[in-house]
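Enquirer: Here you go, sequence then predicted model.
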Amino acid sequence: MRIDIVTIFPEFFDTLDVSLLGKARQTGLIDTRVHDLRDATTDKHRTVDDTPYGGGAGMVMKPEPWGETLDTILADPDSSSVPVLIVPSPAGEQFTQAIAKELAEEEQLIFACGRYEGIDQRVSDHFASRIRVRPLSLGDYVLNGGEVASLAIIEAVGRLIPGMVGNPESLVEESHEDGLLEYPSYTKPALWRELEVPPVLLSGNHGAIAAWRHEQQLERTTRIRPDLLPE
Ligand SMILES: Nc1cc(-c2ccc3ccn(Cc4ccc(CN5CCCC5)cc4)c3c2)n[nH]1
């Protein structure tokens, strides 16, 4: 998979060298390229923002640098013929594990990391006529830009790419995989600060353990996220 990231804070993505993705990049599983939006500006001050038409607080990101940068990425011979442009936004579709699984099948993801009050809408509108554009929200809270959301999406997608995670078994029992919250986990010691590990987990009775874990998932989901319960 190729991942392109467009941002005015390219150093924000230095972390990709150390995270789970560091290995993937070394093994060539994931090829990431970070593009500084300001490299596509033409004025002395490398301006990327301007005041919003219609008034309102803050500034909006100008369309031209975005158009230039995205054109360059799409024109790159190493680019896929069917990239997906992911635009983190508070107004986007809620990102979920299901969407992560969809995106893990893609050949190329391009992340448009906005700042200020967002990107001129015409950028998404123009490129929607050429490639798939997916505005995605991380959740119902407002961040300062798209970088944190992009890192979260990249990590959630990256770990689903075959060969990325050391033990593929650990992906089988994914959280939210069966739509329920995960069961609680324990490891040695069996007694810690007077707290025991649930005895069933030490029983070796795998049927009873699986039943207990599913029961724990249902109890937790009912208590914390009843919205996830099947109809
Ligand atoms: N899940 C999630 C994603 C984000 C996110 C993603 C990208 C950007 C780019 C800029 N911002 C800051 C920001 C501040 C204020 C407004 C609201 N304004 C009201 C009127 C015009 C806009 C929007 C946007 C982002 C935020 N936040 N949360």
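Expert: Perfect, thanks for sending it.
Enquirer: And the pLDDT for residue 164?
Expert: Looking at residue 164, its pLDDT is 74.
Enquirer: Next, count neighbours for it.
Expert: Burial of residue 164 is recorded as 20 neighbouring residues (other C-beta atoms under 10 Å). C-beta coordinates here come from the backbone N, C-alpha and C atoms, glycine included.
Enquirer: how close does it sit to the ligand?
Expert: 24 Å (C-beta to the nearest ligand atom, to the nearest Å).
Enquirer: Offset the numbering so it begins at 22, please.
Expert: Renumbered: residue one is now 22, and that last one reads residue 185.
Enquirer: contacting residues around that residue?
Expert: 41, 44, 45, 50, 51, 179 (C-beta atoms under 8 Å, 6 or more residues apart in numbering).
Enquirer: As a markdown table, those residues with pLDDT and neighbour count would be great.
Expert: Shown next, in a markdown table, are the contacts of residue 185 (pLDDT from 0 to 100; neighbours: other C-beta atoms under 10 Å):
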| residue | pLDDT | neighbour count |
| --- | --- | --- |
| 41 | 64 | 15 |
| 44 | 73 | 15 |
| 45 | 75 | 22 |
| 50 | 91 | 15 |
| 51 | 93 | 23 |
| 179 | 94 | 25 |
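Enquirer: where's the closest residue in space to residue 181 that isn't next to it in sequence relative to residue 182, distance?
Expert: Counting by C-beta to C-beta, 6 or more residues apart in numbering, residue 125 is the residue found nearest to residue 181 once chain neighbours are left out, at 3.9 Å. Residue 125 sits 5 Å away from residue 182, going by C-beta to C-beta, to the nearest Å.
Enquirer: circling back: which residues does the residue nearest to residue 181 contact?
Expert: Contacts of residue 125 by C-beta under 8 Å, 6+ apart are 22, 178, 179, 181, 182.
Enquirer: So which residues on the chain come close to the ligand?
Expert: 77, 109-111, 135-139, 158-160, 162-167, 170 (C-beta under 6 Å from any ligand atom).
Enquirer: In strands, which of these fall?
Expert: 109, 110, 111, 158 (DSSP state E).
Enquirer: Just want to check the distance between the most centrally placed residue in the chain and residue 129.
Expert: Centre of the chain computed as the mean C-alpha position; nearest residue by C-alpha atoms, centre = their mean is residue 174, 0.4 Å away. For residue 174, the distance to residue 129 (C-beta to C-beta) stands at 14 Å.
Enquirer: Repeat that for residue 207.
Expert: 41 Å.
Enquirer: Same question for residue 249.
Expert: 31 Å.
Enquirer: out of the two, which sits in the busier spot?
Expert: residue 129 (21 against 15).
Enquirer: Quick one: residues contacting the more buried one.
Expert: 22, 23, 24, 25, 100, 101, 103, 104, 105.
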